[in-house]
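Participant: Predicted coordinates and the sequence they were generated for:
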Number of protein chains: 2
Amino acid sequence: MKSEFEFIESIRHRYSLSKTGDDCAVLPKDSKTDLVMTTDLLVEDVDFRLDWTTPEFLGHKALAVSLSDVAAMGAKPVWAMLSIGIPKIIWKTDFVEKFYDGYFRLAEKFNVEIVGGDISKTPDKIVFDSIVAGETIKGKAVLRSGAKVGDLIFVTGSLGGAAGGLKLLEEDFRYDFSKKIWRKKLLLKQLQPLPKTYDGQFLGENNLATSMIDLSDGLSSDLAHLCRASKVGAEIFADKIPINKNLSGFTKSFDEKLNYALNGGEDFELLFTVNPKNKFQFENELKNRNFTHIGEMTTNAEIIELTLDEKRLILEPKGFRHF
Amino acid sequence: MKSEFEFIESIRHRYSLSKTGDDCAVLPKDSKTDLVMTTDLLVEDVDFRLDWTTPEFLGHKALAVSLSDVAAMGAKPVWAMLSIGIPKIIWKTDFVEKFYDGYFRLAEKFNVEIVGGDISKTPDKIVFDSIVAGETIKGKAVLRSGAKVGDLIFVTGSLGGAAGGLKLLEEDFRYDFSKKIWRKKLLLKQLQPLPKTYDGQFLGENNLATSMIDLSDGLSSDLAHLCRASKVGAEIFADKIPINKNLSGFTKSFDEKLNYALNGGEDFELLFTVNPKNKFQFENELKNRNFTHIGEMTTNAEIIELTLDEKRLILEPKGFRHF
């Protein structure tokens, strides 16, 4: 019997549902431009729980997950559609209004036009499908498959925060009733993630990333996806990984915090590789943007090595699978 | 308290979810081409029942409903994405494989490329969101709003068959166990509707339709949508409406059959208007294609008159609402 993950991966692969193996499908638009397209289905009690979040956060996150896919292609988001299914009991409330408030506020922030969608009744659970289109210069969409041996590995922002937020939710902490700032920040990272739209676009427009993926499953899983697509291996350094500082509220243990950063999902940061000849130019960017150099691509196809306390470990994909 | 229909309509309107008021959103593609986009969310036990259909029919219909929206814009379908959510109990079966068989077979028929999608787990019901993109010559997408007073009203194919099929399903008839040809044909019209892709494209490419909509809610409702968008009225003739002949298996009553044709939904035929100056050219098409002239657009904004047995009645939208 296949696991849930294996089953869904096999279907994705078989029917080319994996966005042609990348975060988005790439389609020709005009002589100068490609269109990138993504769709993300989110289901109540699988991808979110109503008692863990607010309608505004949920509307925000519905769009954010797809914007993150577009960012991972180095593309500029342009328009979006949203299909939503809601049970009757929900539409007697102000849920829908607040949900769209969150959705539209994020769309406005990144100047994304809402061009349509669909609404349907459901028997009992909320479901939505978020569709976003972006644009890149023709042939310049950043794929997962472009990393070369020797390329430098970078991540945006900090890692593990969303998994920390999830842990807090499981422990019955809620955003509205949390007083500690670190708890609020971890919960926000889980409930209202901000896609790295500007960073993705910057990397794409300036031809700086040789490959890119968004961190939705977790660093260990998503780096494995990138290695597989690029047919290379990777070496990363535990002490270089930008662990979310708010995780220190939980624990003083470095190993525990590292575990969140390596294997926690839904940070919606970007993982990308850079040709070492651009290293100098890139070091300036590190100061301006929150980019961290965490390792290099290696010849050991599909093997990820983790250097921790002068030991070299093989890192297995253990990221949270959020389907 | 708003009715279900009113609630969903108000949300669609408020958040521009009604595909900007038409069957598809129209977006610029390149200097010569527009892109039309549609998304349709279908939910188990709301839009379909597993014990009424087969996985192949369901896969077919998932794509057909969106192809019909594209046809209604006079556009050529080009690519599609599908998001599907399935409960664990279903993936132990061959449902998914058979579902995609039906989906891909229809895609192949119309040369539609599947570019991606998403798959997710659901707690208990199947859900899918069907996304199709089509192309038209720039500025030539056929809108609901283009009908003028005096334009001739046409429909493709025959009407009421899908509603007849629904009635049979409610009476516990099933496709596989039905022996009578008329029952099989009505059930197929409901379960495996064939979108009028070639007719829609022909009307669009040749600039023949001044307005168009697909018959998903039913003639009385969809003609009302078209009148509202075009700010005109309509007069239709009961004896000209092409009633699905298989409905005679049910009943000899003309009024009863007419009721299916006027108010039954999901036929996925096209309703369109033609400038009377093209009447002569069009009469040739009537012979080649299965188009029927059923009435004219009038000055009585948003009023639909039905001439039946020399009486003139006001037709209210009573079409089947399929959510």
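Facilitator: Received it, and whenever you're ready, just let me know what you need.

Participant: buried set for the helix or strand harbouring A:Leu286?
Facilitator: Assessed by DSSP states H and E, A:Leu286 sits inside helix A:279-288. By neighbour count on 16 or more other Cβ atoms under 10 Å in any protein chain shown, the buried set for helix A:279-288 is A:282, A:285. All C-beta spots, glycine's among them, are computed from the backbone N, C-alpha and C.

Participant: What of stretch A:37-50?
Facilitator: Going by 16+ other Cβ under 10 Å, stretch A:37-50 has these buried residues: A:37-44, A:46-48.

Participant: Do me a favour and get the end-to-end distance for it?
Facilitator: For stretch A:37-50, the first-to-last residue distance is 28 Å (Cα to Cα, to the nearest Å).

Participant: go on, stretch A:103-115?
Facilitator: Rule used - Cα to Cα; the end-to-end distance of stretch A:103-115 is 13 Å.

Participant: Any part of that stretch near chain B?
Facilitator: Yes. Counting by Cβ under 8 Å from any Cβ of the partner chain, chain B has neighbours in stretch A:103-115: A:104, A:114-115.

Participant: Give me the nearest residue to A:Leu143, chain neighbours excluded.
Facilitator: Spatially, and ignoring its direct neighbours in sequence, A:Leu143 is nearest to A:Asp22 (5.5 Å; Cβ to Cβ, 6 or more residues apart in numbering or on different chains).

Participant: so who does that neighbour touch?
Facilitator: For A:Asp22, the contacting residues are A:73, A:141, A:143-145, A:229, by Cβ atoms under 8 Å, 6 or more residues apart in numbering or on different chains.

Participant: re the thing from before, so of the residues of stretch A:103-115 next to chain B, which ones are in helices?
Facilitator: Counted as lying in helices by DSSP state H, out of the residues of stretch A:103-115 next to chain B, are A:Phe104.

Participant: now, among the residues of stretch A:103-115 next to chain B, which is nearest to B:Glu266?
Facilitator: Minimum separation from B:Glu266 among these (Cβ to Cβ) is found for A:Val115, which lies at 25.0 Å.

Participant: So which bits of the stretch 51-200 of chain A are right by chain B?
Facilitator: A:79, A:81-85, A:88, A:91, A:96, A:100, A:104, A:114-125, A:127, A:129, A:131.

Participant: Give me the buried entries from those residues.
Facilitator: The buried subset of those (16+ other Cβ under 10 Å) comprises A:79, A:81-85, A:91, A:96, A:100, A:104, A:114-122, A:125, A:127, A:129, A:131.

Participant: quick one, strands of the stretch 101-250 of chain A?
Facilitator: Using DSSP state E, counting those that start in this stretch, the strands of the stretch 101-250 of chain A run over A:113-122, A:127-137, A:152-156, A:211-214, A:233-237.

Participant: any chance of those in TSV, with mean pLDDT too?
Facilitator: Output for these, formatted as TSV (pLDDT from 0 to 100):
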stretch	mean pLDDT
strand A:113-122	90
strand A:127-137	97
strand A:152-156	97
strand A:211-214	98
strand A:233-237	97
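
Participant: For A:Glu305, find the nearest of those strands.
Facilitator: strand A:233-237 (4.5 Å).

Participant: partner strands of that closest one, parallel or antiparallel?
Facilitator: strand A:291-298 (antiparallel), strand A:304-308 (parallel) (DSSP bridges).

Participant: got the angle between the longest one and helix A:279-288?
Facilitator: Using axes from the mean of the first three to the mean of the last three Cα atoms, to 10 degrees, the interaxial angle of strand A:291-298 with respect to helix A:279-288 works out to 150 degrees.

Participant: got the CA positions of stretch A:80-96 in CSV?
Facilitator: What follows is stretch A:80-96, C-alpha atoms only, in CSV (Å, rounded to 0.1, in the frame of the first residue of the first chain):
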residue,chain,number,x,y,z
ALA,A,80,-5.5,35.8,-10.3
MET,A,81,-8.7,33.8,-10.2
LEU,A,82,-10.3,32.2,-7.1
SER,A,83,-12.8,29.3,-7.0
ILE,A,84,-14.4,28.9,-3.6
GLY,A,85,-16.8,26.3,-2.3
ILE,A,86,-18.6,27.1,1.0
PRO,A,87,-21.2,25.2,3.1
LYS,A,88,-24.5,26.9,3.8
ILE,A,89,-23.8,27.3,7.5
ILE,A,90,-20.8,29.5,6.7
TRP,A,91,-22.5,31.9,4.4
LYS,A,92,-24.9,33.1,7.1
THR,A,93,-21.8,34.5,8.8
ASP,A,94,-19.5,37.3,7.7
PHE,A,95,-16.8,34.7,6.7
VAL,A,96,-16.9,35.3,3.0
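
Participant: Please give the centre-to-centre distance between it and its chain.
Facilitator: Distance of stretch A:80-96 from its chain centroid, counting by Cα atoms, centre = their mean, to the nearest Å, is 25 Å.

Participant: now the helix or strand where A:Lys257 lies against strand A:152-156, angle please.
Facilitator: Element membership for A:Lys257, per DSSP H and E: helix A:254-263. Per the same axes, to 10 degrees, the angle that helix A:254-263 makes with strand A:152-156 is 90 degrees.

Participant: contacting residues around helix A:254-263?
Facilitator: Residues contacting helix A:254-263 (Cβ under 8 Å, 6+ apart): A:158-161, A:163-164, A:167, A:218-221, A:238, A:241-244, A:247-248, A:250-251, A:306, A:308, A:315, A:318-320.

Participant: Which of the residues you listed fall within helices?
Facilitator: A:161, A:163-164, A:167, A:219-221.

Participant: between these, which is nearest A:Pro28?
Facilitator: A:Ser221 (30.7 Å).

Participant: Now the residue positioned nearest the centre of chain A: phi and psi?
Facilitator: Of all residues in chain A, the one closest to the mean position by Cα atoms, centre = their mean is A:Phe268, 2.8 Å from it. For A:Phe268, the backbone dihedrals (degrees, to the nearest 10) come out as phi 50, psi 30.

Participant: Show me what the longest helix along chain A is packed up against.
Facilitator: If you go by DSSP H, chain A has its longest helix at helix A:55-71. Applying 3 or more Cβ pairs under 8 Å, 6 or more residues apart in numbering or on different chains; DSSP states H and E, one finds that helix A:55-71 contacts strand A:33-43, strand A:76-87, helix A:95-109, strand A:127-137, helix A:197-205, strand A:211-214.

Participant: What lies in contact with the third one?
Facilitator: Residues lying outside helix A:95-109 but in contact with it, judged by Cβ under 8 Å, 6+ apart, are A:54-64, A:67, A:80, A:82, A:84, A:86, A:90, A:112-114, A:192, B:11, B:15.

Participant: what's the angle from that helix to strand A:127-137?
Facilitator: Going by the same axes, to 10 degrees, helix A:95-109 is angled at 10 degrees with respect to strand A:127-137.

Participant: and if you look at the second one?
Facilitator: For the pair strand A:76-87 and strand A:127-137, the angle between their directions (the same axes, to 10 degrees) equals 170 degrees.

Participant: Now do A:Phe177: how many residues are near it, please.
Facilitator: 8 (other Cβ atoms under 10 Å in any protein chain shown).

Participant: And it, how far from chain B?
Facilitator: Distance of A:Phe177 to chain B, given as Cβ to the nearest Cβ, to the nearest Å: 27 Å.

Participant: How about A:Asp30?
Facilitator: Counting by Cβ to the nearest Cβ, the gap from A:Asp30 to chain B is 3 Å.

Participant: and the gap between that residue and B:Asp30?
Facilitator: 3 Å (Cβ to Cβ, to the nearest Å).

Participant: For A:Asn111, give me its contacts.
Facilitator: Under the criterion of Cβ under 8 Å, 6+ apart, A:Asn111 has no contact partners.

Participant: so what's A:Leu308 closest to, chain neighbours aside?
Facilitator: A:Ala238 (4.0 Å).

Participant: which ones are touching the one you found?
Facilitator: Each residue near A:Ala238 by Cβ under 8 Å, 6+ apart is listed here: A:258, A:306-309.
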